[in-house]
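K.L.:
Just to be clear, the model below is a prediction. Sequence and coordinates:
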Amino acid sequence: MLRFILVTLLISSVCALHWEKHKEESNGNEIEESSGDIQTEQLPGMCWACKWAMRKLKKKLSNGATPDDIKKKLSLVCDEIGFLKSLCKKFVSRYSDTLVEELSTTDDATTICTNISICKK
């Protein structure tokens with residue numbers, strides 16, 4: 001019984017410390033525009049979410065897709081991402097024009113996300 005209590009306290013302490021550290025780190029890591037450019041330091045999971053969304057969109061878009069077609073599909077892609085849905089929606093709404101332009105090219109998902117500075121080179 002004593003072991004169980006000690007293990008529970010240890011786990012709780014580690015979780016609390018991790019949570020506090022994560023809160024401190026995330027205070028300055030919001031998606032913001034800085035003189036027209038995307039900050040290179042992003043929220044955790046942002047690169048993965050970008051690549052996931054761009055892969056999904058690339059599969060759904062035909063070669064002759066218009067900017068309006070791309071915008072419609074962009075607005076719906078985040079509904080399928082799960083727990084990163086709100087992060088994805090913020091990203092798409094803030095950078096939709098840039099994403100429409102990038103999705104009009106033949107670049108792959110990784111190249112697109114790197115070009116718009118969401119993923120590191």
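P.N.:
Good, I have the coordinates.
K.L.:
can you list the weak-confidence ranges in this protein?
P.N.:
2, 4-10, 12-44 (pLDDT under 70).
K.L.:
Do a quick rundown of the helices in it.
P.N.:
2-26, 46-60, 67-77, 85-94, 96-103, 109-115 (DSSP state H).
K.L.:
got a list of what K56 touches?
P.N.:
Neighbour list for K56: V77, E80 [criterion: C-beta atoms under 8 Å, 6 or more residues apart in numbering]. Glycine gets a C-beta too; all of them are placed from N, C-alpha and C.
K.L.:
ok, it to M1 distance?
P.N.:
Remark: distance between K56 and M1 (C-beta to C-beta, to the nearest Å) = 50 Å.
K.L.:
what does F83 give?
P.N.:
Distance from F83 to M1, by C-beta to C-beta: 36 Å.
K.L.:
Quick one: end-to-end length of stretch 59-67, please.
P.N.:
One end of stretch 59-67 sits 16 Å from the other (C-alpha to C-alpha, to the nearest Å).
K.L.:
Flag every buried residue along it.
P.N.:
Across stretch 59-67, burial judged by 16 or more other C-beta atoms under 10 Å covers L61, A65.
K.L.:
next one: stretch 89-103
P.N.:
F91, V92, Y95, L99, V100, E102, L103.
K.L.:
quick one: which of these is nearest C50?
P.N.:
F91 (6.8 Å; C-beta to C-beta).
K.L.:
Surely that closest one and K51 touch.
P.N.:
No. Using C-beta atoms under 8 Å, F91 is not in contact with K51, being 11.7 Å away.
K.L.:
what residues are up against T114?
P.N.:
Taking C-beta under 8 Å, 6+ apart as the test, what T114 contacts is K120, K121.
K.L.:
If we use 10 Å, what do you get?
P.N.:
With contact taken as C-beta atoms under 10 Å, 6 or more residues apart in numbering, T114 is in contact with C47, C50, K51, D107, D108, K120, K121.
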